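> give me coordinates for this.
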Amino acid sequence: MNLPRIPLRPLVLGCIAFGFSAVVLERAIAGGSHFYAPVADPVVKEECGSCHLAFPPAMLPASSWRRMMGEIKSHFGDDASVDAETAARIARYLVANAADTGGSRYSGKLLDGVDPNSAPQRITELPQWVREHRKVPAWEWRHKDVRTRANCAACHVDAERGYYDD
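This next block holds a predicted model:
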C-alpha cells in the first residue's frame, strides 16, 4: 500500500506557528483578571512614569483621578506640578480610561467593595488589592528591591506591559 508523501517542512512550520499562537493566546488568557492596559499616552507615561510606574488608569475610578490631579501640588508628599495644558491632558486621559469610564473589562473586580461615592487615592488600599496581597509577608515589603507596596514592578515583572499575574 502506497501512502501519499506529506512534505515535512510545511507540517513542521505549521506546528511551530500553532505552538507560538497557543503561547500568545495562553499569555493573553493568563493576564485575565489581572490585565490592565498600560498607559498609552506618551505625555502621561513620561510625566507620571518619571517618578514611579505610570499606573494604568483602569485601576482607579474617574473620581480618584480627578481628585489626584486637583491635588497635584501635594502628590503623596511631593509637588508633581506640570503646566496647565499638560495637567489637563493627563487628567483627560486618566478620566477617559478610568475603571468606571471604560478603562478595562476587569476593573470592576478591583473596585469591588469601594464606595462609588469615594475617590480612593491609593490602589494599594483598595479592598480587592488588599485581599490579593494579604499573604505577602511584611519582610517582603521591606526588601531593598521593593520598599513600597506601590512598587508593582518589583514583583510583577510585566507590570509595565499591564500584566499583574506572577
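> so which helix or strand of the chain has the lowest pLDDT on average?
helix 8-31 (a mean of 50; mean pLDDT, DSSP states H and E).
> now for the helix or strand following that helix, which elements pack on it?
Going down the chain from helix 8-31, the next helix or strand is helix 42-49, by DSSP states H and E. Using 3 or more Cβ pairs under 8 Å, 6 or more residues apart in numbering; DSSP states H and E, the elements in contact with helix 42-49 are helix 84-96. Every C-beta, even on glycine, is put in place using the N, C-alpha and C of the backbone.
> what angle do helix 42-49 and the helix it packs on make with each other?
Put simply, helix 84-96 runs at 90 degrees to helix 42-49, going by axes from the mean of the first three to the mean of the last three Cα atoms, to 10 degrees.
> mind giving me the packing neighbours of the next helix or strand after helix 84-96?
Note on helix 84-96: by DSSP H and E, the next helix or strand toward the C-terminus is helix 107-110. Counting contacts by 3+ Cβ pairs under 8 Å, 6+ apart, helix 107-110 is packed against helix 127-132.
> need the residues that contact the helix it packs on.
If you take Cβ atoms under 8 Å, 6 or more residues apart in numbering as the criterion, helix 127-132 is touched by Lys109, Leu110, Leu111, Asp112, Gly113, Val114, Ile123, Thr124.
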